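Visitor: Here's a sequence, model it:
(chains A and B)
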Amino acid sequence: MREQQITEMVNEVLEEYFEIEPERLLPEMNIFEDLELDSLDIVDLVVVLQKKFGVRIRDDERIRTLRTLGDVYRFILTLQEEGASPAA
Amino acid sequence: MKRVVISGVGAVSALGNDVPSLLAGIEGGRSAVQYMEGWDQYSGLRSLVAAPAALENEKAIPRKSRRSMSRMSFFAVQATEQALADAAIGQGPLSSDRIGCIIGSTMGSAEGLNDTFETMLPERDLSRLTAMKFFQCVSHTAAMNVSQYLGITGCVMATSAACASSLQAIGTGYDLIRLGKQDVVLCGGSEELHPTVTASFDILFATSTGYNDDPQRTPRPFDRDRDGLVCGEGCGMLVLEEYERALNRKARIYAEIIGYHTGGSGEHVSQSNRESIVRCLRGALASAEASAGDIDYINAHGTATRHGDEVEAKAIREVFGDATPVSSLKGYVGHTLGASGALELIVSLAMMEKGVIYPTLNLDAVDEGCEGIGHVMRPLRRDVRVVMKNCFAFGGINAALVCKRLET
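Guide: Prediction:
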């Protein structure tokens, strides 16, 4: 999956599920401070991303290191490259 | 003991999303019952009618508050905001340990529970559940969400006794204020419609099944041709306030709550029982230090089940005879279950204010088993000073509340 496509798909999730205006969806945005997601939102973001990308990431420790939207794009790309096991 | 008054009301129902539209619908003799498209896909579900409310403007609630809410919590937030505006209580004073919120429901969000199992069960995969599902589903979802949204820090509680839930919420709020533990309690009940809710009654042969082609003619409380209840949804909320506080701030006072009683039948989970209802009605009268003759109007539970209506009518006859006007509002908005006590009390307060008793819709010919009480079959002009509201629930749980107009 190409980087651009991942960016678009992640942004779709943030726009539709978390109602964030598209113009705020920039890679440098901090997902907590700028996009105002909290710990409960992150739980749901993981559930929605798992479904969207067919990956299992709920128990992946790397989730804790994500800070910016760019981190999220790169994390999904890394998972794709690692050939993460498809979600059941 | 402190005195307790009702100083604000709010409602979302199948007749509209505020109190005026609910009252206008009832005054116009309108039934909100309709055929439910798509319900025929459920094999074994025989009752295909219900009284749905419209979900409107829920996006006005900010996402972070909205994310943990289901349909019944949206209704509850909207009805509570109406009640607070009606009582002229702004959001400022709500963050006080002296202001509480008690909202009842049968079992939390039926739709939320259904979604949860539909998500989890096909693959038995819990990782597909969002963090919000729990908060949307739980029994106290409406009380919790309303309190979080409004910043209420007093007593937050959810009564859960099926069709008596909201009357128990009001009764509990009444007791808390009487005892001096709270100054204001936002009380009521909220409920959402779902095929599984109707099914829970349908399985027990308690639903109306013979009017799927003619929905407006059912439910028919106390009528010869009644064949069961019809589920509705919505929320009724009342502001209960300590009398002196309401007086000091020159609040509009709808009525004073002067009596309340709740008790179990201790006998059967689904069949109501005359003796226990009689004890409940007499308990409420004793609590109000009133006699049967002091009650000007009884707002019946009257759901239109064959057995329940007859037992209630016999109990009312035993305590009140045939002189006290009685009507049920289920024909207009269906049985809103955990919300019915609050919604129907709000309409009863309007009858008190307007000096008119609204009749039982669809009661055309009183059933032999329900005779001997003062059925109201057409609008009745009457000075109503004291009303009694009845609720009888699965589990043999009975509740009755007595309210009195304050003379100025």
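
Visitor: So for stretch B:36-56, what gets flagged as buried?
Guide: Neighbour-count burial for stretch B:36-56 flags B:Met36, B:Trp39, B:Leu45, B:Arg46, B:Ser47, B:Leu48, B:Val49, B:Ala50, B:Ala51, B:Pro52, B:Ala53 (criterion: 16 or more other C-beta atoms under 10 Å in any protein chain shown). Where you see a C-beta, it was placed from the backbone N, CA and C, and this is true even at glycine.

Visitor: Quick check: phi and psi on residue 66?
Guide: Here I'm looking at chain A. In terms of degrees, to the nearest 10, the main-chain angles of A:Leu66 are phi -70, psi 130.

Visitor: I was after chain B.
Guide: Residue torsions, per degrees, to the nearest 10, at B:Arg66 are phi -70, psi -30.

Visitor: Could you find the closest non-adjacent residue to it?
Guide: In space, and not counting its chain neighbours, B:Arg66 is closest to B:Glu58: 6.6 Å by C-beta to C-beta, 6 or more residues apart in numbering or on different chains.

Visitor: Give me the distance between that neighbour and B:Gln82.
Guide: The spacing between B:Glu58 and B:Gln82, counted by C-beta to C-beta, to the nearest Å, is 14 Å.

Visitor: same deal with B:Cys163?
Guide: Taking C-beta to C-beta as the measure, B:Cys163 falls 23 Å from B:Gln82.

Visitor: When the two are compared, which one has more neighbours?
Guide: A count of neighbours by other C-beta atoms under 10 Å in any protein chain shown puts B:Cys163 above the other of B:Cys163 and B:Gln82, at 28 against 20.

Visitor: count of neighbours near the residue in chain B that chain A sits nearest to?
Guide: Across chain B, the shortest distance to chain A (C-beta to the nearest C-beta) belongs to B:Ala131, at 3.8 Å. When neighbours are defined as other C-beta under 10 Å, B:Ala131 has 17 of them.

Visitor: For it, what are phi and psi?
Guide: B:Ala131 adopts backbone torsions of phi -60, psi -30, taken as degrees, to the nearest 10.

Visitor: residues in contact with it?
Guide: A:Leu40, A:Val43, A:Asp44, A:Val47 (C-beta atoms under 8 Å, 6 or more residues apart in numbering or on different chains).

Visitor: so which helix or strand takes in the closest residue to B:Glu371 other than its chain neighbours?
Guide: Closest residue to B:Glu371 apart from its sequence neighbours, by C-beta to C-beta, 6+ apart: B:Ala313 at 7.4 Å. Assigning secondary structure by DSSP states H and E places B:Ala313 in helix B:306-320.

Visitor: Show me the helices in chain B, by range?
Guide: B:19-27, B:63-66, B:71-86, B:110-120, B:132-137, B:141-150, B:165-178, B:195-202, B:243-248, B:274-287, B:306-320, B:330-333, B:340-354 (DSSP state H).

Visitor: again but with chain A, I slipped
Guide: A:3-16, A:39-53, A:69-82.

Visitor: mind checking which of these is nearest B:Gly263?
Guide: Of all those, helix A:39-53 sits nearest to B:Gly263, with 40.7 Å by C-beta to C-beta.
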